[in-house]
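Peer 1: here is a sequence together with a model predicted from it:
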Amino acid sequence: MLSMIILVLLLVLGGCTSAVKVTRLDADAEIDLSGNWNDTDIQIVAESLVGSSMKTNWIDQFRLRNGHNPVVIVGTILNRSSEHIDTAIIAKRFEMALINTGKVDMVADIAMRDELHDERESQQYFASEETAAALGKEIGADFILQGAVRTVVDQVSGKAVRTYYVSAELIDIETSRKIWVGEEMVRKFIQQSKYTW
């Protein structure tokens, strides 16, 4: 009898499921649940830093000397923060923001170039001579964009101020001269309620 009751209870409990509700959000909606780094922070930082770099005269000077748009490659964005941050997303947002200005030309990043090199080399053996991509035709980058994310956290019981410092710099590849350096700061006040329901 007891084993039958246990079996019935297991079947009833096993049949219970929790409902999951998913709501689609507008891409521009600012939602911050944890106070950690999020998509809104990425958007703020990329737009601000690219906007800052466009306000200086490095592009105009380059065009005067060379007669064409500067060519930029996005290099490494280092995560030196206290939390996991996928810096590849930040790098891609920088790239998108720079391209969309129409003032610079971009070339593929290092990881993508390796794949392109493999494909181009493969075409030399396996594609027809008329359709194979030629070797030695890549456009060399004039500048590389590099950066880092750092955090400072100030906290007491139940309260914290988390500050993100995102720095970026454009470096002349030929001379290693830094032509622009910028930093954007995102500060968040996080307060945890004493009782969670």
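Peer 2: It's in.
Peer 1: and the strands in the protein, which stretches?
Peer 2: The residue ranges that make up the strands of the chain, judged by DSSP state E, are 71-80, 105-106, 143-156, 159-172, 178-191.
Peer 1: could the ones you listed go into CSV alongside mean neighbour count?
Peer 2: Any C-beta I mention is one placed from the backbone N, CA and C, and that applies to glycine too. Putting the strands of the chain into CSV (neighbours: other C-beta atoms under 10 Å) gives the following:
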stretch, mean neighbour count
strand 71-80, 19
strand 105-106, 17
strand 143-156, 17
strand 159-172, 19
strand 178-191, 15
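Peer 1: and the ones you listed as JSON lines, adding mean pLDDT and distance to L25?
Peer 2: Written out in JSON lines, the entries for those read as follows (pLDDT from 0 to 100; distance: least, C-beta to C-beta, whole Å):
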{"stretch": "strand 71-80", "mean pLDDT": "94", "distance to L25": "25"}
{"stretch": "strand 105-106", "mean pLDDT": "94", "distance to L25": "29"}
{"stretch": "strand 143-156", "mean pLDDT": "94", "distance to L25": "24"}
{"stretch": "strand 159-172", "mean pLDDT": "94", "distance to L25": "22"}
{"stretch": "strand 178-191", "mean pLDDT": "93", "distance to L25": "19"}
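Peer 1: adding distance to L64, write those out as TSV.
Peer 2: Rendered in TSV, the data for these read as follows (distance: least, C-beta to C-beta, whole Å):
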stretch	distance to L64
strand 71-80	16
strand 105-106	16
strand 143-156	16
strand 159-172	15
strand 178-191	14
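Peer 1: closest to T56 out of these?
Peer 2: Each of the strands of the chain was scored for nearness to T56 using C-beta to C-beta, and the closest is strand 178-191 (5.6 Å).
Peer 1: so what touches the closest one?
Peer 2: Taking contacts as C-beta atoms under 8 Å, 6 or more residues apart in numbering, the residues outside strand 178-191 that touch it are 32, 35, 41, 44-45, 48-49, 52-53, 56, 58, 143, 158-172.
Peer 1: any idea how far G35 is from R187?
Peer 2: When distance is defined by C-beta to C-beta, to the nearest Å, R187 is 11 Å away from G35.
Peer 1: mind listing what I139 touches?
Peer 2: Shown in contact with I139 (C-beta under 8 Å, 6+ apart): 71, 105, 107.
Peer 1: closest to V22 among these?
Peer 2: Distance ranking of the contacts of I139 against V22, using C-beta to C-beta, places V107 first at 38.7 Å.
Peer 1: wait, doesn't that closest one sit right on N69?
Peer 2: No: V107 lies out of contact with N69 (C-beta atoms under 8 Å); the separation is 11.7 Å.
Peer 1: next one, pLDDT for L7 please.
Peer 2: For L7, the model assigns a pLDDT of 64.
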